[in-house]
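Novice: output the structure for:
(chains A, B, C and D)
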2 protein chains.
Amino acid sequence: MEMKDINILLAEDDKNLGTVLKAYLDAKKFNTTLKVNGKEAYDEFIKGNYDFLILDVMMPVKDGFTLAAEIRETDKETPILFLTAKSLPEDKMKGFKLGADDYLTKPFSMEELLARIEAILRRTQAHKTPVNKEFFTIGKFSFDVTRHILSADGESQKLTSKEAELLKMLCANKNETLDRSEALKHIWHDDSYFNARSMDVYVTKLRKYLKSDPTIEILNVHGVGFKLITE
Amino acid sequence: MEMKDINILLAEDDKNLGTVLKAYLDAKKFNTTLKVNGKEAYDEFIKGNYDFLILDVMMPVKDGFTLAAEIRETDKETPILFLTAKSLPEDKMKGFKLGADDYLTKPFSMEELLARIEAILRRTQAHKTPVNKEFFTIGKFSFDVTRHILSADGESQKLTSKEAELLKMLCANKNETLDRSEALKHIWHDDSYFNARSMDVYVTKLRKYLKSDPTIEILNVHGVGFKLITE
DNA sequence: AATAAGCGTTAAAGAAAGTTAAAGCCTTAT
DNA sequence: ATAAGGCTTTAACTTTCTTTAACGCTTATT
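Specialist: Numbers count the residues shown, from 1 in each chain, chains lettered A, B, ... in the order given. Down below sits the predicted model:
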């Protein structure tokens, strides 16, 4: 499965486990934020734009169950997976009653955790964006993401997979900076020097395609990435 | 949640466990059908309109993994929960890789099973569209999977088995990329260079069959696979 | 200002895919 | 047993897509 821009909020008070988990999930192309108690996690959840919550149950200041209950007061959608040493049946049932999607007891394998996260995301992410009807307007151009077609003035240009993916990411971040490393991780699956050069070549190609509309610009943000500018 | 219209297909060869589970689930307002092996369960799944599958892994005639794989060939939606005595990590991973939503090892509590089923249904029931697993519509074409017949405008084209299998996989992944290696492993049983070339030949054939509808497209995703695009 | 790192662009090399035709390989009928 | 026919694979050639390399320019750092 392609794990593009999934933001995971991980609440775990065991620093060791937390760090290891975050490293593992980030390596699997997620974007993980680690908080060490329920209160911090709640504050982070409120401001952030999270797609998945992994909550330890026993934490200082505010435990995972309380945290989940607070979150579910306003948010019924974001998936919750409890991660805990408590394996009592009553606890499990409490977790599910609070609206959890899964409940994993320690010790567990990272692979299983990943598999369970992906199983849940398969269900939730698919419906988030009404699948594959993606369409962007860039100045006088219209861009059919699924068909890889960029058209304007009655003319159509068929894009290659890489061109289309890059343009899609730029469009999704219209007028904001698209981090080079994000694009590389997502499209090239590896943030390396040579892939970065390859990306530069693609930026040039996209600029050529778009140059007939002078209001459009793919701006370089030195050392950071690129920004697609349109009004 | 009101459960009385939820149809569960339960495949379990242990008569005792099967009967007890069915009774429990029916008491919880589900509508449960019990089959004692993978083959019977598959036949039942094909004709029925099921919302949830509970599959034992070890069963005579056809095991649960094989059954799940067959079902997932044409149906990516219906939730699958594996119920098994096999608790080896590799088995769990295999289950999830096959597209399972959950994996519960025996012995388990009925309450936990119920909680897990409900957690999954919460995600899936909201947006479900019942589809016929043996029949696909592709633009103006209709494709009878079992009979290998592709028809449109009153004309029918009989497909060869390889053509039909490939088209089936493309349909099951409509508007998503079908990985080349997945198709090769599944249809050719070996992901090799020469089979890949053979697959290319079949893609050309399918494109010819489908070309009379310009809204249909089999798009190549370079280095990854193919994507069947329809409106 | 000197230096290094980052970017823009073009061209060429390399890898993957599109297509067509012919060769293999089964199955079935004679 | 052999020939015919349909299906699948192999082969060869063509086209397209992606990466690498090269060179010049720009931006940050000191």
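Novice: now the helix or strand where residue A:113 lies and helix B:110-124, what's the angle there?
Specialist: Under the criterion of DSSP states H and E, residue A:113 resides in helix A:110-128. Angle, helix A:110-128 to helix B:110-124, by axes from the mean of the first three to the mean of the last three Cα atoms, to 10 degrees: 40 degrees.
Novice: how many other residues sit next to residue A:44?
Specialist: 15 (other Cβ atoms under 10 Å in any protein chain shown). C-betas here are computed from N, CA, C, even on glycine.
Novice: how close does the closest residue to residue A:15 other than its chain neighbours sit to residue A:24?
Specialist: Leaving aside its chain neighbours, residue A:15 sits nearest to residue A:36 (7.1 Å; criterion: Cβ to Cβ, 6 or more residues apart in numbering or on different chains). The spacing between residue A:36 and residue A:24, counted by Cβ to Cβ, to the nearest Å, is 17 Å.
Novice: the two: who's more crowded?
Specialist: Set side by side, residue A:36 and residue A:24 show more neighbours around residue A:36, with 18 against 15, by other Cβ under 10 Å.
Novice: I'd guessed that one sits against residue A:59; true?
Specialist: Yes - using Cβ atoms under 8 Å, residue A:36 is in contact with residue A:59, at 7.4 Å.
Novice: find residues that contact each of these two.
Specialist: Taking Cβ atoms under 8 Å, 6 or more residues apart in numbering or on different chains as the criterion, residue A:36 and residue A:59 both touch A:11-13.
Novice: tabulate those residues in a markdown table, adding columns for distance to residue B:50 and secondary structure.
Specialist: Formatted as a markdown table, those follow (distance: Cβ to Cβ, whole Å; DSSP: H, G, I helix; E, B strand; the rest coil):
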| residue | distance to residue B:50 | secondary structure |
| --- | --- | --- |
| A:11 | 36 | strand |
| A:12 | 38 | coil |
| A:13 | 42 | coil |
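Novice: count the residues that sit near the residue of chain A at minimum distance from DNA strand D.
Specialist: Nearest to DNA strand D, among the residues of chain A, is residue A:160, at 2.8 Å (Cβ to the nearest atom of the strand). If you count neighbours by other Cβ under 10 Å, residue A:160 ends up with 14.
Novice: likewise residue A:117?
Specialist: Other residues lying near residue A:117 total 23 when counted by other Cβ under 10 Å.
Novice: quick check: it vs DNA strand C, distance?
Specialist: Computed as Cβ to the nearest atom of the strand, to the nearest Å, the residue A:117 to DNA strand C distance reads 29 Å.
Novice: so who does that residue touch?
Specialist: A:8, A:25, A:52, A:54, A:81.
Novice: can you show me the CA trace of the helix or strand of chain A with the lowest mean pLDDT as PDB?
Specialist: Least confident helix or strand, chain A: helix A:110-128 with a mean of 88, by mean pLDDT, DSSP states H and E. Taking Å, rounded to 0.1, in the frame of the first residue of the first chain, the C-alpha atoms of helix A:110-128 are listed here in PDB:
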ATOM      1  CA  MET A 110       6.300  -4.200  14.900                       C
ATOM      2  CA  GLU A 111       5.200  -6.100  11.800                       C
ATOM      3  CA  GLU A 112       1.900  -6.900  13.300                       C
ATOM      4  CA  LEU A 113       1.400  -3.300  14.400                       C
ATOM      5  CA  LEU A 114       2.100  -2.100  10.900                       C
ATOM      6  CA  ALA A 115      -0.200  -4.700   9.400                       C
ATOM      7  CA  ARG A 116      -3.000  -3.700  11.700                       C
ATOM      8  CA  ILE A 117      -2.500   0.000  11.000                       C
ATOM      9  CA  GLU A 118      -2.500  -0.600   7.300                       C
ATOM     10  CA  ALA A 119      -5.700  -2.800   7.500                       C
ATOM     11  CA  ILE A 120      -7.500   0.000   9.200                       C
ATOM     12  CA  LEU A 121      -6.200   2.700   6.900                       C
ATOM     13  CA  ARG A 122      -7.300   0.700   3.900                       C
ATOM     14  CA  ARG A 123     -10.800   1.200   5.100                       C
ATOM     15  CA  THR A 124     -10.600   4.800   6.200                       C
ATOM     16  CA  GLN A 125      -8.300   6.500   3.700                       C
ATOM     17  CA  ALA A 126     -10.100   5.100   0.700                       C
ATOM     18  CA  HIS A 127     -13.300   7.000   1.500                       C
ATOM     19  CA  LYS A 128     -11.600  10.100   2.700                       C
END
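Novice: pull out the buried positions in that helix.
Specialist: Neighbour-count burial for helix A:110-128 flags A:113-121, A:123-126 (criterion: 16 or more other Cβ atoms under 10 Å in any protein chain shown).
Novice: now those residues as TSV including distance to DNA strand D?
Specialist: What follows is the buried residues of helix A:110-128, written out as TSV (distance: Cβ to the nearest atom of the strand, whole Å):
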residue	distance to DNA strand D
A:113	30
A:114	25
A:115	28
A:116	31
A:117	27
A:118	25
A:119	30
A:120	31
A:121	26
A:123	30
A:124	29
A:125	24
A:126	24
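Novice: mind putting those into a markdown table with distance to residue A:94?
Specialist: Converted to a markdown table, those look like this (distance: Cβ to Cβ, whole Å):
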| residue | distance to residue A:94 |
| --- | --- |
| A:113 | 20 |
| A:114 | 25 |
| A:115 | 24 |
| A:116 | 19 |
| A:117 | 21 |
| A:118 | 25 |
| A:119 | 22 |
| A:120 | 19 |
| A:121 | 24 |
| A:123 | 23 |
| A:124 | 22 |
| A:125 | 27 |
| A:126 | 29 |
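Novice: close to DNA strand D: what parts of chain A are there?
Specialist: A:158, A:160-163, A:188, A:194-195, A:197-198, A:201-202, A:222-223 (Cβ under 7 Å from any atom of the strand).
Novice: just say helix, strand or coil for residue A:218.
Specialist: With DSSP: H, G, I helix; E, B strand; the rest coil as the basis, residue A:218 sits in strand.
Novice: residues contacting it?
Specialist: Taking Cβ under 8 Å, 6+ apart as the test, what residue A:218 contacts is A:170, A:203, A:206-207, A:210, A:226-229.
Novice: of all those, which comes closest to residue A:102?
Specialist: Using Cβ to Cβ, residue A:170 comes nearest to residue A:102 of the contacts of residue A:218, at 35.0 Å.
Novice: quick check: closest non-adjacent residue to that closest one.
Specialist: Using Cβ to Cβ, 6+ apart, the nearest residue to residue A:170 is residue A:228, at 4.0 Å.
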